[in-house]
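> Pasted the sequence and its predicted model underneath.
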Amino acid sequence: MTGYLAIILHAHLPFVRHPEHDKFLEESWLFEAITETYLPLLAILNGWHRDGMEARLTLTLSPTLCVMLRDSLLQERYTRHLASLIDLAEKELRRTQWEPAFQELAGMYHQRLSSARDAYLASGGDLVGAFRRLQDLGKLEIITTAATHALLPLMANHPPSVRAQILTARDHYRECFGCDPRGIWLPECAYFEGVESTLQEANLRWFTVDSHGLLRAQPRPRYGVFAPIFTPNGIAAFGRDLESSRQVWSRTEGYPGDARYRDFYRDLGFDLDFDYVKPHLPSPEHRGFTGLKYYRITGGRSEKQIYQRREALQAADQHAGHFLQARMEQIQQLAGILDRPPLVVAPYDAELFGHWWYEGPEFLDFFVRKAYYDQKVFELITPEQYLRRHPTNQIATPSGSSWGEEGHWHVWLNEKNEWIYPHLQVAQERMTDLVHRFVKPDALQSRALTQAARELLLAQASDWPFILRTNTSPDYARKRVEGHLLRFTAIHHQLGLGQIDEAALAKMEASDNLFPDLKVSYWA
């Protein structure tokens, strides 16, 4: 083999759980991702294992995502959600009986949704366990990220908060997967100098950064982004390859924009009579996505054309072949320049494959199978495997960076969301003060301290400032930040007075119930 390719998929969703409502719109984020991304990904990985393929993939499963996937309330709601969509597909089979093209698509959705239900029930609803089994078989490397996906550079002025985010994630990974994580996806690939000390404490061996984070390292990396560097304390940093990212992510050149692929935005939830689709909507009072979509991207401003599944799969196969050829040429060219086998690191959001790009799972399957059977230029590898084979690397310090707009922190710190951070700073300092004051808390104080820590972690999530910036669900994001900070402040006040409202505390614990074994000592 001339070189290596490491595909890293980052699966993360913010913690959204609302037991106080029978249906809640934002819980559909999880349900859509399970149906369109996580179950298809599991099917593909199991297919590679069944066929004896030594095809390695790296997958982040964020702590908040794992918590939700294992939550009995959300599991029950997901099965109910699937049953409702299967009912909708059955209604569509009847409604479209005189429209063969639409009925064919309704039949496709009915079959795919029924298969998803069968696969989910066969796993006992334990998708985390299903991914763990693949890791135990050596077919997958699962890595972690910060506990609630906080943007760590914006917490650099309060090291205990950075420490709590990373060590809580490490502990939760142990509980889910029975071992320690070796790698971490820094949320938003956001790096700041100094985070390595906490990564070292957590016994993490490697992390990802965006291209410029590695290219602007000091001293300058000899191999660019095509080999990792070691930070001075020995933790490896892997940089994103721009070319492989552009071919998938680019709005103008990326594969998902092909006119043959399914259009994401044109959905039955908006197209059909409201009373007809109302029982199947994620929020019964508002139109929304059902996941049943009958049109393809089409292109330009022309009228949308009916989705042709066969043509879309042909496109995915062609694009997989193109991507394979591009990686082969890239790696061969690099091998002629470098004095060691080049490594191309291709990280993507997992939800791109299936949710945003409906044919993405098939593209991934086509590509990996072609890479495994049809070429001998590169080997699919995980970063951990690479470090075992190449334990000697240049020592350098990455540059502060992220993979967000403008390559820095602007997405998460701007005029729409800057109001969050002064409040977070006060709460973070108060959390450390509480831990120092209550060194030997009684049982009720311990519960209050733990819940205060949960509320702080949830308020720190990078998802809320991101949503405020993109204006997708700004009211919900604002309510989440404010709600968690207000609950934290209430607990802080009650601990100060020595008068804890146990009933109110129990209500918070029942709602924001993640990380049952959370250690508040991390904030000391």
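Nice, thanks for sending it over. This one's a predicted model, so the numbers in the text were calculated from it and none came from an experiment.

> What are the boundaries of the strands in the stretch 351-500 of the chain?
378-380 (DSSP state E, counting those that start in this stretch).

> pLDDT below threshold where in it?
Across the stretch 351-500 of the chain, nothing is flagged by pLDDT under 70.

> That one: helices as residue ranges?
360-373, 383-389, 420-437, 443-459, 463-470, 474-497 (DSSP state H, counting those that start in this stretch).

> Just to be sure, residue 4 is in a strand?
Yes - the assignment for residue 4 (DSSP: H, G, I helix; E, B strand; the rest coil) places it in a strand.

> on that earlier part again, with mean neighbour count added, can I get the helices of the stretch 351-500 of the chain in JSON lines?
Glycine gets a C-beta too; all of them are placed from N, C-alpha and C. Below are the helices of the stretch 351-500 of the chain laid out as JSON lines (neighbours: other Cβ atoms under 10 Å):
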{"stretch": "helix 360-373", "mean neighbour count": "20"}
{"stretch": "helix 383-389", "mean neighbour count": "18"}
{"stretch": "helix 420-437", "mean neighbour count": "18"}
{"stretch": "helix 443-459", "mean neighbour count": "22"}
{"stretch": "helix 463-470", "mean neighbour count": "22"}
{"stretch": "helix 474-497", "mean neighbour count": "18"}
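
> Residue 79: which of those is closest?
The closest of those to residue 79 is helix 360-373. By Cβ to Cβ, the value is 21.4 Å.

> which secondary structure elements does that closest one contact?
Judged by 3 or more Cβ pairs under 8 Å, 6 or more residues apart in numbering; DSSP states H and E, the packing partners of helix 360-373 are strand 3-11, helix 39-50, helix 309-335, strand 378-380.

> and residue 240, which of the helices of the stretch 351-500 of the chain is closest to it?
helix 383-389 (12.0 Å).

> could you say what helices and strands the closest one packs with?
strand 3-11, strand 140-145, strand 206-209, strand 236-239.

> among the ones you listed, which is nearest residue 337?
Among those, the nearest to residue 337 by Cβ to Cβ is strand 3-11 (11.3 Å).

> who's in contact with the helix or strand following the closest one?
Tracing the chain C-terminally past strand 3-11 and defining elements by DSSP states H and E, one meets helix 28-33 next. The contact list for helix 28-33 (Cβ atoms under 8 Å, 6 or more residues apart in numbering) reads 11, 13-14, 16, 65, 68-69, 74, 77-78, 81-82, 282-283, 288-289, 291, 351, 355.

> So residue 125 is in contact with residue 79, correct?
Yes - Residue 125 is within contact range of residue 79, at 7.4 Å (criterion: Cβ atoms under 8 Å).

> by how many degrees do the one helix or strand in the chain whose mean pLDDT sits lowest and strand 3-11 diverge?
Of all helical and strand segments in the chain, the minimum by mean pLDDT, DSSP states H and E falls on helix 242-249, at a mean of 88. Relative orientation of helix 242-249 versus strand 3-11 (axes from the mean of the first three to the mean of the last three Cα atoms, to 10 degrees): 40 degrees.

> which helices and strands sit right next to helix 242-249?
Against helix 242-249 (3+ Cβ pairs under 8 Å, 6+ apart) you get helix 309-335, strand 343-349.

> Need these in CSV (columns: distance to residue 270).
Converted to CSV, the helices and strands packed on helix 242-249 look like this (distance: least, Cβ to Cβ, whole Å):
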stretch, distance to residue 270
helix 309-335, 21
strand 343-349, 24
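
> Looking at these, which is nearest to residue 438?
Per Cβ to Cβ, nearest to residue 438 of these: strand 343-349, 39.6 Å.

> Touching the closest one from outside, list them.
For strand 343-349, using Cβ under 8 Å, 6+ apart, the contacting residues are 3-12, 185, 189, 208, 225-228, 238-241, 244-245, 248-249, 327, 330-331, 334, 378, 381, 383, 386.

> mean confidence for that strand?
The pLDDT scores in strand 343-349 average 96.

> That strand pairs with which strands, parallel or anti?
strand 3-11 (parallel) (DSSP bridges).

> Just the buried positions in stretch 506-517, please.
508, 512, 513, 514, 515 (16 or more other Cβ atoms under 10 Å).

> okay, residue 125 and residue 79: which has more neighbours?
residue 125 (20 against 15; other Cβ atoms under 10 Å).

> Cheers, nothing more for now.
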